[in-house]
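Peer 1: would you be able to build a 3D model of this:
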Amino acid sequence: MNEKKEELSGLVSSIMESYEKHEIICNIDSTSRLNRTTIVELIDMIRDILFPGYFEMRNIKSSSVEYHVGELLECVQYRLKKQVIRALQHRIDAETGETQDIENEAEEIVLKFLQKIPMLRDVLATDAQAGYDGDPAAYNTDEIIVSYPGFYAITVYRVAHELHVLGVPLIPRIMTEHAHNRTGIDIHPGATIGKYFFIDHGTGVVIGETTEIGDYVKIYQGVTLGALSTRGGQNLRNKKRHPTLEDNVTVYSGASILGGETRIGEGAVIGSNAFITSSVPSQTRVSIKNPELLFKGRVKMAELGQEGFWKNEKE
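Peer 2: Got it, this is the predicted structure:
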């Protein structure tokens, strides 16, 4: 028994040495630790405010909705402020190491964010309409709101983007990475996206930090709006690395559009699996040639444009 205790004690000492050696992956004695669970709960509460009556456990009546919203706002304000304080402290620790009075700053940020909720509802209403208009399989806009992963990812992005614009570190990225994990759609909170935006199916979509997207844009699963190269690392910070899509652009599944100088003109259509690294003029359709199909095995000759029924195709 004593030997096992000594082994365990030796292991603890070894781990302590590792902590000292690799401080970059330790967060001990920190006042800036964010609570990911709380941030995800805040997403749900904010979504309840944005879309009243869709996600609550109980029915919301018109006679009580004002009280319900006030209660939610008070809770969001209190909990979000605590997380913003920790995020701002993390920023101070990283940049200057100096202590500042950040409580007032956090309170002001949260108030400005909450004041943006009517605007967020305005633009999200256009996104829901875009989803319904763009998908013949949709029964109504309720189906878009409650079930479409693309709409969920867009909602979380729009919330996170407003916090990003207000200068809140870490929290916006935690929000969008939660949506990424849940939907397979990766939208950086720093991207700029216009109204009437629709992501159909969505799995595998990547939208980089400096992407700019206009109004009435529709993209499908597997689309990447990325950088040509990130080998420059931190030297590329704050530089335009991702493409611009103007109004009324459609990008079909599997297409990759890369580079900060790449601009897709208004009304352009990018076909499936296209690889774009240079600008595309307005009203242009881009597609790749269909690959040649090779049939091996027993093939119906009529399908090959010949008479008869079947033949064995030799490799």
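
Peer 1: list the contacts of the closest residue to Thr262 other than its chain neighbours.
Peer 2: Of all residues not flanking Thr262 in the chain, Pro243 sits nearest, at 4.1 Å (CB to CB, 6 or more residues apart in numbering). Glycine gets a C-beta too; all of them are placed from N, C-alpha and C. By CB atoms under 8 Å, 6 or more residues apart in numbering, Pro243 lies in contact with 211-212, 225, 257-260, 262-264, 276.

Peer 1: ranges for the helices of the stretch 201-315 of the chain?
Peer 2: Counting by DSSP state H, counting those that start in this stretch, the stretch 201-315 of the chain forms no helices at all.

Peer 1: that should have said the stretch 1-150 of the chain, apologies.
Peer 2: Assigned by DSSP H, counting those that start in this stretch, the stretch 1-150 of the chain shows helices spanning 2-21, 36-50, 65-95, 103-115, 117-134, 141-147, 149-165.

Peer 1: sorry, back to before: any idea how far the residue nearest to Thr262 is from Leu225?
Peer 2: Here Pro243 is placed at a distance of 6 Å from Leu225 (CB to CB, to the nearest Å).

Peer 1: common neighbours of these two, please.
Peer 2: 211, 257-258.

Peer 1: Ala87: which of the residues you listed is nearest?
Peer 2: Taking CB to CB as the measure, Ala87 sits nearest to Thr211 out of those, at 23.4 Å.

Peer 1: so Ile102 makes contact with Ile85?
Peer 2: Yes - counting by CB atoms under 8 Å, Ile102 does reach Ile85; the two are 5.8 Å apart.

Peer 1: return the subset of the contacts of Pro243 lying in strands.
Peer 2: 212, 225, 257-258, 263-264, 276 (DSSP state E).

Peer 1: just among these, which is most surrounded?
Peer 2: Leu225 (29 neighbours; other CB atoms under 10 Å).

Peer 1: doesn't Thr210 make contact with that residue?
Peer 2: No - using CB under 8 Å, Leu225 is not in contact with Thr210; the gap is 9.7 Å.

Peer 1: which neighbours do those two share?
Peer 2: What both Leu225 and Thr210 touch, as defined by CB under 8 Å, 6+ apart, is the set His242.

Peer 1: nearest residue to Gly202 other than its sequence neighbours?
Peer 2: Gly150 is the one closest to Gly202 (CB to CB, 6+ apart), at 4.0 Å.

Peer 1: can you pull the phi and psi angles for the spatially most central residue of the chain?
Peer 2: For the chain, the residue nearest the mean C-alpha position is Ile187 (2.6 Å; CA atoms, centre = their mean). Main-chain torsions, Ile187, degrees, to the nearest 10: phi -120, psi 120.
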